[in-house]
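Novice: I would like to see how this sequence folds:
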Amino acid sequence: MDKQLRQRIVGAILLLLLAAIVTPFLLRSPEQVRVALDMELPTPPASPAMPIVPAVSDEEVAEAELRIDEERDQVRRDGEQALAVVPDPAHEDEHEAGEGETIREPVAAEPEDDPPLSGWAVQVGSFSRAEGAAELAAALRDAGYRAFTQPFEQGEQRLHRVYLGPELQRDRAAALRERIAADEAFALQGLVVSLGP
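Specialist: Okay, the predicted model is just below:
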């Protein structure tokens, strides 16, 4: 038998087998095909609905935010009281008599760089020099942001990160990140991070 003829016969047989397999599926409805292939999906098991309970209650969040606002106001009041009234040297004699002019000079206070215990913050910078981190944090504080620095070890190197915050809720920290990014004086692209204990 010729080799070419043999290949044609084998090809014809394969086509007939393929047609015999596929034709019933083409002539059946989708439901009949599903039954023929046993593709019926089992019913999903019933699972009890688990209630989502927040780790911190709304009352605790409200109390903490109130406490933060009170402490912020106290810091502002303390800063205003720290402005010392210094006599003008040119009018020292008149000042002693009670008629001299006074100059209000701010008393430089050491920035508080102790990181908060927990919450959310926006990381806005990382420096190899502590002075660079302190300068950025001071500039941010001067612009009205709450900023602090925190050192960390990366391999053998000690680096210093600058953060804004902290905030108790992540969405408030995200809003702070958007605010610092939109601030033309800084335009810092921050990263919202969790401050763990």
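Novice: For residue 133, what is the enclosing helix or strand?
Specialist: helix 130-142 (DSSP states H and E).
Novice: Which SSE is immediately downstream of that helix?
Specialist: Counting by DSSP H and E, what follows helix 130-142 is strand 147-154.
Novice: so which helix or strand takes in residue 32?
Specialist: Per DSSP H and E: helix 30-37 holds residue 32.
Novice: so how far is the longest strand seen in the chain off the chain centroid?
Specialist: When the chain is scanned for its longest strand (criterion: DSSP state E), the result is strand 157-167. With Cα atoms, centre = their mean, to the nearest Å as the basis, strand 157-167 stands 13 Å off its chain's centre.
Novice: Check which element follows it along the chain.
Specialist: Assigned by DSSP H and E, the successor of strand 157-167 is helix 170-182.
Novice: Specify the angle between the helix or strand that that following helix is followed by and strand 147-154 in degrees.
Specialist: Sequence-wise, the next helix or strand downstream of helix 170-182 (DSSP H and E) is strand 191-195. For strand 191-195 against strand 147-154, the angle by axes from the mean of the first three to the mean of the last three Cα atoms, to 10 degrees is 80 degrees.
Novice: Residue 49 should be in a helix, yeah?
Specialist: No. Read with DSSP: H, G, I helix; E, B strand; the rest coil, residue 49 is coil and lies in no helix.
Novice: For it, list the residues it contacts.
Specialist: Contact criterion Cβ atoms under 8 Å, 6 or more residues apart in numbering gives no residues in contact with residue 49. All C-beta atoms are positioned from the backbone trio N, CA, C, and that covers glycine.
Novice: Can you check the pLDDT for it?
Specialist: Residue 49 carries a pLDDT value of 79.
Novice: how does the protein divide into domains?
Specialist: 3-37, 82-109, 112-197 (automatic domain parsing).
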